[in-house]
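Enquirer: just need the structure, nothing else, for what follows:
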Amino acid sequence: MSYQLKVFVDEVAVDEGFVVNKQDNVVELSGNEDSIKAKITGEAVEIETLENMAAILEREGKISVLPKKCRGKIIFGDKLWLLNERAKNDFLEGKREEIRGAAVEVIITEEKAVQKEIYVKEKNNFLEKNNRNINVILGAIVFLLLIGGTYFGYQKRSGDENLKKITEIKNNWQKEKTEIEGVRSMNIDTALEIAKKAEKEVENSGKIDKKYAQDLMNIKNEIEEIKKSLGGNNVSYEIAYDTSLTKDSSYEGMTVKEEVVYLWNQKLGNVNSVNVSLKSTEEIVSDNRIKNWQGIFNNGEKWWGYDQNKVYEIKRNELIETTIENGGGINGASGWNGIIYFWDNSQKMIEKMVNSSEQNWLKDGVNLEEEATGMAIDSNIWILGKSGKIYEYTRGQKVDYKMSFTPSVSSTKSLVTNDKVTFLAYIADEDTVLIYGKDGKILDKYVFDNQKLKALGIESQNNAVLVLSDNGKIYRVKIQ
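Expert: As a prediction, the model looks like this:
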């Protein structure tokens, strides 16, 4: 492939030292400590990025933000943009000709084919044309060769067409997969639409030779798994445990530590434990006070439940209660290193309880940003807002946690994380599990059709989220 360049470097970028260097098949945009390099070889491009730079591929009106280091196929008509941070912002806002900052547009063009002319230099006469018998024999041989050539030619063309078709399907899927990974952290719903489009293209690819059937099935399975992680509908999930094996499976909530799950049954007023790997269950405690609980949580070696103004240590056949005298009441609670933390929406506070006394954990002048619906702790405290936003606090101060994608939701609950994983998860709109990295990027979205989800838990050893559904099943979704 050959290419043309358009360079956009404004005065500010010039002052910042940004320059464009082109050498053979390498295009580099650099300034100060920032640098991005594109190496074009044949029909492939290799991207290498340092610091605050970005590469965006524009193809047939669609854009894909490429990873910092990647390699992929390019085709005629592609536009590869190399941009600094200001230029990237303008680009994503739809600006092109008046783009600010420093940018290079690399336009992929076709190489001109070298045409070769063929000449017939002389005309030869053969004596065989004058001999009738020889001509008959030669004619029969030619006829048989034509029949054989036609048959084997058809077989070869058919094989070539099938190989061409499966290769085209594979290449298209690789391009679409790259596009999905480029946009999923910015808008996971757009990534799902790309996956659905890829699925439809594969389904409409027509008949293909049986020897390529497994290749096609592998692509379909891969698309299905990616769709599942993007919030695709009508997908099935792994069942880690079916609580119908217990006395009553109408559990209201759960909390998880390693392989042990504590399930809270508000209707019956009891707490059961389940060992997911051993597939075993036992009743821990039964008490009418449990019928008034709002939730349960684990705090190291201890298990706790809570209602509006009390916390209860859960022991075998016993509950030990402690009254919280904070004035506003408990909206939710969690624990870390033996300390119990709870939030109070009426006072917009996070409080901690030490030696049966409570105190505001937030620094003076720091309040909850909105009505909280969940809390998780991994040394920092993470708060889930009713809007679907996640807020991070450390040492009583709010941290600037930027989410790459903020969903439009009507309800949220059950925020979970711990210090052994790099992600957070919560339930939105009763039937959806959203997964975010602790860097703010959205990782996965799982939709459970026609189910009401009750609670989540972290299964650290499998890097997975356990999901309790109102159908009594605990599902496992593994984070990639």
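
Enquirer: check contacts around residue 361.
Expert: With contact taken as CB atoms under 8 Å, 6 or more residues apart in numbering, residue 361 is in contact with 341, 349-352, 381, 396. Heads up, the C-betas are built off the backbone N, CA and C, glycines and all.

Enquirer: ugh, typo on my part, it should be residue 416
Expert: Contacts for residue 416 (CB under 8 Å, 6+ apart) come out as 374, 376, 424-426, 456-458, 465.

Enquirer: format the contacts of residue 361 as a markdown table; extra columns: pLDDT and distance to residue 277.
Expert: Putting the contacts of residue 361 into a markdown table (pLDDT from 0 to 100; distance: CB to CB, whole Å) gives the following:
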| residue | pLDDT | distance to residue 277 |
| --- | --- | --- |
| 341 | 95 | 30 |
| 349 | 93 | 39 |
| 350 | 95 | 34 |
| 351 | 92 | 36 |
| 352 | 91 | 33 |
| 381 | 97 | 30 |
| 396 | 95 | 38 |
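
Enquirer: and the residues you listed, which is closest to residue 203?
Expert: residue 381 (46.7 Å; CB to CB).

Enquirer: quick check, that closest one in contact with residue 339.
Expert: No: in terms of CB atoms under 8 Å, residue 381 does not count as a neighbour of residue 339; the distance is 11.0 Å.

Enquirer: which of these two has more neighbours?
Expert: Neighbour count, other CB atoms under 10 Å: between residue 381 and residue 339, residue 381 has more, with 23 against 14.

Enquirer: what's the burial count for the nearest residue in space to that one that is not next to it in sequence?
Expert: Distances taken as CB to CB, 6 or more residues apart in numbering put residue 393 closest to residue 381, at 4.6 Å, once the chain neighbours are dropped. Neighbours of residue 393 under the rule other CB under 10 Å: 21.

Enquirer: wasn't residue 393 part of a strand?
Expert: Yes: when DSSP: H, G, I helix; E, B strand; the rest coil is applied, residue 393 is found to be in a strand.

Enquirer: quick one: the helices in the protein?
Expert: Secondary structure of the chain (DSSP state H): helices located at 11-15, 85-92, 132-183, 188-203, 213-229.

Enquirer: for the record, mean pLDDT for stretch 469-480?
Expert: Average pLDDT, stretch 469-480: 91.

Enquirer: okay, buried residues for it please.
Expert: For stretch 469-480, burial by neighbour count (16 or more other CB atoms under 10 Å) applies to 469-470, 472-477, 479.

Enquirer: again, but for stretch 422-433
Expert: 423-428, 430-433.

Enquirer: reformat the contacts of residue 361 as a markdown table; add distance to residue 182.
Expert: Putting those into a markdown table (distance: CB to CB, whole Å) gives the following:
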| residue | distance to residue 182 |
| --- | --- |
| 341 | 38 |
| 349 | 41 |
| 350 | 37 |
| 351 | 43 |
| 352 | 42 |
| 381 | 33 |
| 396 | 38 |
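
Enquirer: and which of these is nearest residue 309?
Expert: Ranked by distance to residue 309 (CB to CB), the contacts of residue 361 are led by residue 351 at 12.2 Å.

Enquirer: wait, doesn't the closest one sit right on residue 375?
Expert: No: the criterion here is CB under 8 Å, and residue 351 misses it with residue 375 at 11.2 Å.

Enquirer: how many other residues sit next to the residue nearest to residue 398 when sequence neighbours are not counted?
Expert: Counting by CB to CB, 6+ apart, residue 398 lies nearest to residue 366, which is 5.9 Å off, once chain neighbours are set aside. For residue 366, the count of nearby residues is 16 (other CB under 10 Å).

Enquirer: got phi/psi on residue 366?
Expert: phi -100, psi 130 (degrees, to the nearest 10).

Enquirer: swap in the one 5 residues further on?
Expert: Backbone dihedrals for residue 371, given as degrees, to the nearest 10, come out at phi -60, psi 120.

Enquirer: check the gap between it and residue 387 for me.
Expert: 9 Å (CB to CB, to the nearest Å).

Enquirer: then residue 379?
Expert: 25 Å.

Enquirer: between these two, which is the more surrounded one?
Expert: The neighbour comparison of residue 379 against residue 387 (other CB under 10 Å) goes to residue 387, with 16 against 10.

Enquirer: what's around the residue nearest to the more buried one when sequence neighbours are not counted, how many residues?
Expert: Nearest residue to residue 387 in three dimensions, chain neighbours excluded: residue 370, at 6.1 Å (CB to CB, 6+ apart). Using other CB under 10 Å, residue 370 is surrounded by 15 other residues.

Enquirer: please enumerate the strands of the stretch 201-350 of the chain.
Expert: 238-242, 253-257, 260-265, 270-275, 280-286, 295-299, 302-306, 310-315, 318-323, 332-336, 339-344, 349-354 (DSSP state E, counting those that start in this stretch).

Enquirer: coming back round to it: give me the buried entries from the contacts of residue 361.
Expert: 341, 349-352, 381.

Enquirer: for residue 249, see how far away residue 400 is.
Expert: Distance from residue 400 to residue 249, by CB to CB: 42 Å.

Enquirer: which one's more surrounded, these two?
Expert: When residue 400 and residue 249 are compared for neighbours, residue 249 comes out ahead with 17 against 7, by other CB under 10 Å.

Enquirer: quick one: contacts for that one?
Expert: Counted by CB under 8 Å, 6+ apart, residue 249 has contacts 242-243, 472.

Enquirer: mind doing that once more with 7 Å?
Expert: 243, 472 (CB atoms under 7 Å, 6 or more residues apart in numbering).
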